[in-house]
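Trainee: Sequence plus the predicted model coming up.
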Amino acid sequence: MSKFVLESLNDVNGDVEFFKILEESICYWNEFCKHIENEKNWVDQLDQLKSRMDDVANKKLLPKEKFRKLKGMDDCYEVKSKNLRAYLLLDENGYVIMYAGKKTEQTQSLGKFEAIKKRYLKDKEDAKRKSSK
Amino acid sequence: MPREKVLSSPIYWFDKAQNELFRQFHQYMDREKINQTQLADRLGISKGRVSQILRGESNFSMKTLIELSLSIGIIPKINYVPIVDEIKADEFKRLNKHSFHTFNYPGLENRTDIVEFSLYKSVNNSPLNHTISHGDGYAIQSNIPIKDSSIYHPYESFFKLEKLENYGK
C-alpha cells in the first residue's frame, strides 16, 4: 500500500493539473496554509502563490522572481512570493506541491522537499516493480 | 469553496494584472530584439521602472498604465464582469475538460441544458455521492443514483465525469 496520495488542488484551474501530496494522510501544503492563515501576516501572499500557480497551470510565462526551475534539480520548480515558497515536482500527473515554507527557512525547506521527493519517487518505483511481477 | 475564495481575493487579480503587463513587455522586447536598457531609452523611462515591470511588480496609476501600454503599441482593455459569472465560467472550464463525454452517456445525448445546470449546482457545492464506471476510462459522478439508459430531469440532476485513473485521488 502506497504511503502517498495525490489530491487535486481545487485552488488552481488550468490545462496542467496541480496536486497536493499526502504522506500517510499528512498534507504538507494544507499544513502550511493553515499555519499561514493562523499567523495572519502573509495570507495575501498565499493568494499570490495560488494566482501564480494558476498562471503556471495555464502555461503562462511568469517572471523568474515568481516562478523558476530549481538549479541542478530535474523537474523541480519553485513558486515564490516575497516571504513564501512552494516547492513543486513536475511528473506525469502534472505539478505536485511537495512542500512549502517561509523564505527565511528555505534551506531547511529545500532539504525537506528533497527528502519527500526521494521517498515519493522510491514509493512509485516500488509500486511499479510490484505491479510488473 | 476554496476556488471561490481565491477568485474573490483582490491580490489574486492584482497579481494577474502585474503578470500580464510583464508578459506584454517581455513579448515586445522579444519582437523588437532589444534589452532592458534599450527599452528604457526607447520609452523614455528609467531602467528601474523597466526592471519593476519585468519582475512583475508594477503598481502604476491607471494613467501611467495606459501611457506605458500605448508606448509599446497596445491598450489595456479592462472588462468589468460580475464575480458570480467569473466563478461560473471558471467552474465551466474545470468541468469542460471532460464534459464532452457526458453527452455520450445513455439518455444524456444532446442534453446541453445539463451542463448549465451542472455549473449552477457545482457552484452551490452539490454533493456528488453516486458513481458509475463508464467503460471508456471515465467515471461518471452524480448527485442522484445512476442507472444505465435512465433519463434525468435536468433541473434535478448534476453530472460530472472524472478520469478513472484520477478518481478518488
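Mentor: Now that the structure is in, tell me what you want to look at.
Trainee: can you list the residues of chain B near chain A?
Mentor: For chain B, the residues in contact with chain A under the definition Cβ under 8 Å from any Cβ of the partner chain are B:1-3, B:6, B:9, B:11-13, B:15-16, B:19, B:22-23, B:26, B:54-57, B:90, B:93-94, B:166, B:169. Where you see a C-beta, it was placed from the backbone N, CA and C, and this is true even at glycine.
Trainee: Please state the backbone phi and psi of the residue nearest to residue A:66 when sequence neighbours are not counted?
Mentor: Excluding the flanking residues, the one nearest residue A:66 by Cβ to Cβ, 6 or more residues apart in numbering or on different chains is residue A:52, at 5.1 Å. Phi and psi for residue A:52, reported as degrees, to the nearest 10, are phi -70, psi -40.
Trainee: and the gap between residue A:52 and residue B:36?
Mentor: Going from residue A:52 to residue B:36 by Cβ to Cβ, to the nearest Å gives 22 Å.
Trainee: more crowded one of the two?
Mentor: Neighbours per residue (other Cβ atoms under 10 Å in any protein chain shown) separate residue A:52 from residue B:36, with residue A:52 holding more: 25 against 14.
Trainee: isn't the more buried one right up against residue A:68?
Mentor: No: distance between residue A:52 and residue A:68: 10.9 Å, which falls outside the contact criterion (Cβ atoms under 8 Å).
Trainee: what do the two both touch?
Mentor: Residues touching both residue A:52 and residue A:68 by Cβ atoms under 8 Å, 6 or more residues apart in numbering or on different chains: residue A:80.
Trainee: State the mean pLDDT of stretch B:11-18.
Mentor: Stretch B:11-18 shows a mean pLDDT of 95.
Trainee: which residues are contacting it?
Mentor: Contacts with stretch B:11-18, where a contact means Cβ under 8 Å, 6+ apart, come from A:44-45, A:47-48, A:50-52, A:54-55, B:6, B:56-59.
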